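1. attaching a predicted model along with its sequence, questions to come.
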Amino acid sequence: MPVQATPDLMIFGVLAGLAAMTAVGVVAFRNAVRSALCLVLNFFSLAFLYFTLQAELLGMTQIIVYTGAIMVLFLFVIMLLNLGSLQVLDERPDLIKKGLGFLFGGALFGLTATQVVQPFLQTSQQFAPEGFGSPQAVGRTLFTSYVWPFEIASILLLIGIVGSILLAKRRI
Amino acid sequence: MFDVASWHPALQALLRVLLFVLPLLLVVPGLIWWERRLLSWMQDRIGPNRVATITLKSGRKIKLFGLLQPIADGVKLFFKEDITPSAIDRLIYFVAPAVALFPAFALGGTLPWSGNTLLTPIADVNVGILYVMAISSLGVYGIVLAGYASNNKYSLMGGLRATAQLISYELAMGMSIAAIVLASGSLKMTQMVATQQGDLLGVVPFLNNWFIFTPFGFVAAVVFAICVIAETNRAPFDLPEAENELIAGYHTEYSSMKFAVFFMGEYAAMLVFAGVFSTVFLGGYDMFIDPLEGFAGTTLGGLAAFMFKTVASFTCFIWLRASLPRLRYDQLMSLGWRTLLPVAVANFIVVALWILITSKYGVWQGWIAYIGAFGLLFAVYSAVRGLSKNRVDNALAPRSISLVDGTRSVNVADPQAEGVGS
């Protein structure tokens, strides 16, 4: 089946290409700051992919949580430790490690493909239905069907916060 | 010809973007002039008033109050020697100013400047205010990258400070906005404005219910305004560029046009944030008094109302800069985490309770619950404060000397306090 070059497809191509390239950049760069920046770009382009699917809330959450908070902290830590350029992250080539890496990487890829390819081939509807994934719908679902997982997750986060304060503070 | 509704949707979107970005670009020099003049008046100086004074042959002078000063500054910056240090991370160094400029202009993507839904906002998505939060959280990248790439310890310090500061103040900002989202029942910015067009407090029929005139909205507005100043790195929170400690902070190594880009980004971000403030708390393009609503409903009338509020908010930011000294870094952190965040969260809880009681039992029961909850939270806060007073020294107080064994602390500024405490 020939693929029609619609504007949607072109935008998807640009965003998906950017996401894929930056994902490669994360592991390919030797400078820790550049790797982190590639990850930032990757998350950012992923958010735009969500926008093209009309999942605005998901995209916004992606930007706020990953790009705006987690990656800023990553950069903060990298800069605080002041990892200089080009000297760190340099490993000796090790054939066994590489072989194992390829093996596991391929296995993961295959596993993902078995789950993802089949639904993709059957997809004809490009957009989520109206109102799907809107703030109202997500909020309603979180507080009705998924209220227990939601509360447990929030307690876990609270424990995390208290624990980090406990560890960081010298005297309480 | 100007039947915009019949245009292709992509062209309409382009028009909306241009109508937002071009005026923003054009107004930035005017803002810089306004700030410099206002600061000089507040500090009893004259300020830049000479540029664009034309002396005619007859000796008469045409004065423009120095309005063209920013243009002269721009020309100067443009033609200055562009010094690039040699030991920098080249790619990141050149990208950083652009990264700093991007969020400032992208911030207004969901901001309605008038009631005309055809021309504004650029995208009326149902996560409007979340979009503003998301883009404003990207503002830190330009500063951090500039600080890192400059390979200068002062720049790096500025970048690190900016990171910690922005992350801390984002939380309080989000919580203060969350209270308003609860009250208006929507994340859409146009819906927020529509909510504010109701009767004031539900009782005054001819005035409009701007959130800043409601008790919870006032608390949220104060927290939000403080956080906005911290997010845009303005005085008294301009620690990333504290010139008496860090030379110029993150833009120490930037000269010429690259510095100008940072400068422009800061002012554009400030203006757009002032616009967000006036939309969320001051009713956006609404006119407050009902008889004027017909005027505010037109495109230009709405724009006039919106611009008046935005520039007024912007002027308040300048006013704060002229009045307040810069905070110390520990004071900044303490203010963000110990004061603003608890206040914003308490406000959020009270608003939620108020809405619940009002919908279940009625209006006046709602107000009783509202006042009761505020009183209860204040009592809890005072109790916790009183209990922890002996152990946690108040960081906003003048710095005190702790003895090495940690048992006794002497307050330098207030020697009597020691006698009272012991």
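-> Everything's here; your move.

2. once you drop chain neighbours, what's closest to whichever residue of chain A sits closest to chain B?
-> For chain A, the residue closest to chain B is A:Gly68, as judged by CB to the nearest CB, at 2.9 Å. To be clear about C-beta, it is placed using only N, CA and C from the backbone, and glycine gets the same treatment. If the residues on either side of it in the chain are set aside, A:Gly68 comes closest to B:Ser137, at 2.9 Å by CB to CB, 6 or more residues apart in numbering or on different chains.

3. count the residues that sit near the one you found.
-> B:Ser137: 23 surrounding residues under other CB atoms under 10 Å in any protein chain shown.

4. that one against A:Val65, yeah?
-> No - using CB atoms under 8 Å, B:Ser137 is not in contact with A:Val65; the gap is 9.4 Å.

5. what sits against the residue nearest to A:Gly68?
-> Shown here is B:Ser137, whose contacts under the criterion CB atoms under 8 Å, 6 or more residues apart in numbering or on different chains are A:63-64, A:67-69, A:72, B:166, B:170.

6. so which of those are in strands?
-> Secondary structure defined by DSSP state E assigns none of the contacts of B:Ser137 to strands.

7. closest to B:Ser255 among the residues you listed?
-> When the contacts of B:Ser137 are ranked by distance to B:Ser255 (CB to CB), B:Leu166 comes first, at 24.9 Å.

8. how many residues are close by the residue nearest to the closest one when sequence neighbours are not counted?
-> Nearest residue to B:Leu166, sequence neighbours excluded (CB to CB, 6+ apart): B:Val140, at 4.4 Å. As a burial measure, the neighbour count of B:Val140 was computed by other CB under 10 Å and equals 28.

9. which pLDDT value belongs to B:Val410?
-> Turning to B:Val410, the model gives it a pLDDT of 53.

10. what's the answer for B:Met270, then?
-> 90.

11. roughly how far does the spatially most central residue of chain A sit from A:Gly110?
-> Taking CA atoms, centre = their mean as the criterion, A:Phe43 is the residue nearest the geometric centre of chain A, at 5.4 Å. The span separating A:Phe43 from A:Gly110 equals 25 Å under the rule CB to CB, to the nearest Å.

12. go on, B:Val95?
-> Looking at B:Val95 against A:Gly110, where the rule is CB to CB, the gap reads 37 Å.

13. care to break chain A down by domain?
-> When chain A is parsed with automatic domain parsing, its domains come out as A:7-97, A:134-172.

14. end to end, how far does the longest one reach?
-> Which is domain A:7-97. 43 Å (CA to CA, to the nearest Å).

15. got the contact list for the residue nearest to the centre of chain A?
-> The contact partners of A:Phe43, taken as CB under 8 Å, 6+ apart, are A:62-63, A:66-67, A:71.

16. for B:Trp34, same thing?
-> When the contact criterion is CB under 8 Å, 6+ apart, the partners of B:Trp34 are B:311, B:314-315, B:318.

17. where does it land in three-state SS?
-> Reducing the assignment to helix, strand or coil with DSSP: H, G, I helix; E, B strand; the rest coil, the entry for B:Trp34 is helix.

18. can you list the residues of chain A near chain B?
-> Proximity of chain A to chain B (CB under 8 Å from any CB of the partner chain) is limited to residues A:31, A:33-34, A:37, A:40, A:56-57, A:60-61, A:63-64, A:67-69, A:72-73, A:75-76, A:79-80, A:82, A:85, A:134-135, A:171.

19. out of the residues you listed, which are buried?
-> With neighbours counted using 16 or more other CB atoms under 10 Å in any protein chain shown, the residues of chain A next to chain B contain these buried positions: A:31, A:33-34, A:37, A:40, A:56-57, A:60-61, A:63-64, A:67-69, A:72, A:75-76, A:79, A:134-135.

20. just the element for the closest residue to B:Ala178 other than its chain neighbours, please.
-> With CB to CB, 6+ apart as the criterion, B:Ala178 has its nearest non-adjacent residue at 5.3 Å, and that residue is B:Phe348. When secondary structure is defined using DSSP states H and E, the element that contains B:Phe348 is helix B:341-360.

21. helices and strands around the helix or strand just after that helix, which ones?
-> On the C-terminal side of helix B:341-360, the nearest following helix or strand under DSSP H and E is helix B:363-388. Contacting helix B:363-388 under the criterion 3 or more CB pairs under 8 Å, 6 or more residues apart in numbering or on different chains; DSSP states H and E are the following elements: helix B:215-231, helix B:341-360.

22. pick the most deeply packed of those.
-> With neighbours defined as mean count of other CB atoms under 10 Å in any protein chain shown, the helices and strands packed on helix B:363-388 peak in mean count at helix B:215-231, which reaches a mean of 22.

23. after it, next one along is what?
-> Using DSSP H and E, the next helix or strand after helix B:215-231 towards the C-terminus is helix B:243-246.

24. can I have that following helix written out in PDB, keeping just the CAs?
-> Output for helix B:243-246, consisting of C-alpha atoms alone and laid out as PDB, is shown next (Å, rounded to 0.1, in the frame of the first residue of the first chain):
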ATOM      1  CA  GLU B 243      26.200  41.600  40.100                       C
ATOM      2  CA  ASN B 244      27.900  42.200  43.500                       C
ATOM      3  CA  GLU B 245      28.600  38.500  43.900                       C
ATOM      4  CA  LEU B 246      28.700  36.900  40.400                       C
END
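
25. that one close to chain A?
-> No - using CB under 8 Å from any CB, helix B:243-246 stays clear of chain A, with a minimum separation of 14.9 Å.

26. hmm, who's touching that helix?
-> Everything outside helix B:243-246 that qualifies as a contact, by CB under 8 Å, 6+ apart, is B:154-155, B:157-158, B:240, B:249, B:252.

27. which of those residues fall within helices?
-> Using DSSP state H, the members of the contacts of helix B:243-246 that fall in helices are B:154-155, B:157-158.
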